[in-house]
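Asker: from the sequence below, what's the structure:
(4 chains)
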Protein chains: 2
Amino acid sequence: MADVDAAGIFAVPERQGRGPRPAYSRAQITEAAVRIADADGLEAASMRRIAAELGTGAMSLYRYVPSRDDLIELMYDHVVGTLEVPARPTGDWRADLRLVARNTRSMWLAHPWVADLHRARPAFGPNQLRITEFGLGALDVGIPVDDILTLVNMLNGYVVTTVRAEIEWERERRRTGMTMRDWMRQSSPYVQRLLDSGEHPMLTRVVKDAALPHMSPDDQFDYGLERVLDCIASCM
Amino acid sequence: MADVDAAGIFAVPERQGRGPRPAYSRAQITEAAVRIADADGLEAASMRRIAAELGTGAMSLYRYVPSRDDLIELMYDHVVGTLEVPARPTGDWRADLRLVARNTRSMWLAHPWVADLHRARPAFGPNQLRITEFGLGALDVGIPVDDILTLVNMLNGYVVTTVRAEIEWERERRRTGMTMRDWMRQSSPYVQRLLDSGEHPMLTRVVKDAALPHMSPDDQFDYGLERVLDCIASCM
DNA sequence: CTCCATTGGGTACGGCGTACGCGGTGAGCT
DNA sequence: AGCTCACCGCGTACGCCGTACCCAATGGAG
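Answerer: Predicted structure coming up:
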């Protein structure tokens, strides 16, 4: 991405005509990297490790990709490509948004390393464009385009923060063996001290009264999702 | 954080009684790290660089902090500590939430490296607890605690994703010298080709018709924030 | 006064991303 | 048909990183 083009790696052609046939391809490299990141996390997908997976040397990858950051961008667009949505919005905006939200969550859970990406700018990868088109188009029901942007942003915010939290809980569980429910039941002396101090009434209420944390993750997500969709409906 | 305690670094006492007087403190180290991260980004705040800032060696820091990740946790709680909110919710939930949302944004913009943190689990730093208490307490107006959690999550999602995007745009500007408005006006051939293809009607509409991207960042944020607060109001 | 836990800090290891340069390959032009 | 040279794979090397381990010096507890 030495290019000035804000579209980044996606505006850089894969290669020119001359010279020997390339032994690999961006797609091959990207898939290998995704495989490693799925299994061992994003930081395990180092240039050396990816190259080893392909049976070559680290520096060979730079014939295909300008930098590791650009490769990560390609990885992200690749997994976004696994999101299945209709070619066009169906006309039922609520069903459409629910679909894209649920599928996005599934995709994140299948590739938890996406939670570690910095990306927050508009996405210009071909697959990202497709999903964005679908999401915005679903809400194209006669309201101003600025409202579409705001509402989609709000929904996206819900999905992203919720799924990030879910993924962090899962990582915690793998590290310490404790589920959320485990230490919600005052397993930690530090947390217990917080509750006993009386300084944190809302935390106490959450630990004692909230039903949401005791539902299955799927149900938690869906419950919140429907509330957000309700909000969108009442904002239109 | 070798400890099993899920509260992490905050449950690890700073030190025991014996031995020579410590030359530094967690607070000193944390502040130095924040100073560096503010100036040059999170990855510039390496153990060596922080130690150099304090005039010591990298390994000395490990007398105060178990790992760099824990130090980052302390850095986060430290900047959260700069968030000013009333001791208790005022009774005007809308004003309270607006305050905490705006102040959170200001804090993120002052310390853009917070956008790079992985943290998404509940926060047990003392300052994080204080803000969480305030936010949840603001919505404690007779609705079920599960609804409080969901609505706060939605609001938080809006703030986080919006400010993250803002920070990424600013980074892009520093790298390439282009503002968002610059290449919204078809500066990029790649984007121009996308628009010309006719495959992306919503993208085209956003680039051509949307007013939001042409407002000041402050106004963009406030506009969306009021919409989200409207949504919350209509959900109660 | 003695003991020893705790201090600051140096050295070293195994990783990382990637700049650079080499010899070999083969498509395109003459 | 032969030449040219852009492009190939890839090895070496540099300067970072986090941190394990070790040491001599320190100073409160007994």
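
Asker: summarise which helices and strands the lengthiest helix in chain A is packed against.
Answerer: Of all segments of type helix in chain A, defined using DSSP state H, the longest is helix A:145-176. If you count contacts as 3 or more Cβ pairs under 8 Å, 6 or more residues apart in numbering or on different chains; DSSP states H and E, helix A:145-176 packs onto helix A:93-110, helix A:126-138, helix A:180-184, helix A:217-235, helix B:145-176, helix B:201-209, helix B:217-235. For every residue, glycine as well, the C-beta is placed using N, CA and C.

Asker: list the buried ones in that helix?
Answerer: Residues of helix A:145-176 classed as buried under the neighbour-count rule (16 or more other Cβ atoms under 10 Å in any protein chain shown) are A:145-172.

Asker: quick one, it and helix B:145-176 angle?
Answerer: Relative orientation of helix A:145-176 and helix B:145-176, computed by axes from the mean of the first three to the mean of the last three Cα atoms, to 10 degrees: 100 degrees.

Asker: now do the domain split for chain A, please.
Answerer: Dividing chain A into domains by automatic domain parsing, as the record does, gives the ranges A:2-80, A:93-180+A:215-234.

Asker: and those, which is most packed in?
Answerer: Burial of those is given as mean neighbour count (mean count of other Cβ atoms under 10 Å in any protein chain shown); domain A:93-180+A:215-234 ranks first at a mean of 18.

Asker: residues in contact with the closest residue to chain B within chain A?
Answerer: Minimum separation of chain A from chain B (Cβ to the nearest Cβ) falls at residue A:157, amounting to 2.9 Å. With Cβ atoms under 8 Å, 6 or more residues apart in numbering or on different chains as the criterion, the residues that contact residue A:157 are B:154, B:156-162.

Asker: ok, now residue A:217?
Answerer: For residue A:217, counting by Cβ under 8 Å, 6+ apart, the contacting residues are residue A:166.

Asker: one more time with 10 Å
Answerer: For residue A:217, the contacting residues are A:105, A:109, A:162-163, A:165-166, A:169-170, A:180, taking Cβ atoms under 10 Å, 6 or more residues apart in numbering or on different chains as the criterion.

Asker: also residue A:88?
Answerer: For residue A:88, the contacting residues are A:96, A:133-134, A:137-138, B:201, by Cβ under 10 Å, 6+ apart.

Asker: if you set the cut-off to 7 Å instead, what comes out?
Answerer: By Cβ atoms under 7 Å, 6 or more residues apart in numbering or on different chains, the contact set of residue A:88 is residue A:137.

Asker: could you do residue A:41 as well?
Answerer: Taking Cβ under 7 Å, 6+ apart as the contact definition, residue A:41 lies against residue A:113.

Asker: same thing with residue A:200?
Answerer: By Cβ under 7 Å, 6+ apart, the contact list for residue A:200 reads A:194, B:129, B:133.

Asker: swap in residue A:141?
Answerer: By Cβ under 7 Å, 6+ apart, the residues touching residue A:141 are residue A:93.

Asker: 10 Å instead, please
Answerer: Residues near residue A:141 by Cβ under 10 Å, 6+ apart: A:89, A:91-93, A:148, A:236.

Asker: pull the helix or strand with minimum mean pLDDT from chain A.
Answerer: Using mean pLDDT, DSSP states H and E, the weakest-scoring helix or strand in chain A turns out to be helix A:180-184, at a mean of 66.

Asker: now the residue of chain A closest to chain B, nearest residue through space, not along the chain?
Answerer: What sits nearest to residue A:157 in space, not counting adjacent residues and going by Cβ to Cβ, 6 or more residues apart in numbering or on different chains, is residue B:157, at 2.9 Å.

Asker: now swap in residue A:74 and tell me
Answerer: Closest residue to residue A:74 apart from its sequence neighbours, by Cβ to Cβ, 6+ apart: residue A:30 at 4.7 Å.

Asker: any idea how far residue A:178 is from the one you found?
Answerer: The gap separating residue A:30 from residue A:178 is 35 Å, by Cβ to Cβ, to the nearest Å.

Asker: again with residue A:145
Answerer: 46 Å.

Asker: again, but for residue A:209
Answerer: Look at residue A:209 and residue A:178: by Cβ to Cβ, they are 21 Å apart.

Asker: so which of the helices and strands packed on helix A:145-176 is nearest residue B:71?
Answerer: With Cβ to Cβ as the measure, helix B:145-176 is the member of these nearest residue B:71 (21.4 Å).

Asker: report the angle between that closest one and helix B:93-110.
Answerer: Following the same axes, to 10 degrees, one obtains 30 degrees for the angle between helix B:145-176 and helix B:93-110.

Asker: quick one: helix B:145-176 to chain centroid distance?
Answerer: Per Cα atoms, centre = their mean, to the nearest Å, the displacement of helix B:145-176 from the mean C-alpha position of its chain is 8 Å.

Asker: mind checking if it is in reach of DNA strand C?
Answerer: No. Helix B:145-176 stays out of contact with DNA strand C when judged by Cβ under 7 Å from any atom of the strand, the minimum separation being 13.4 Å.
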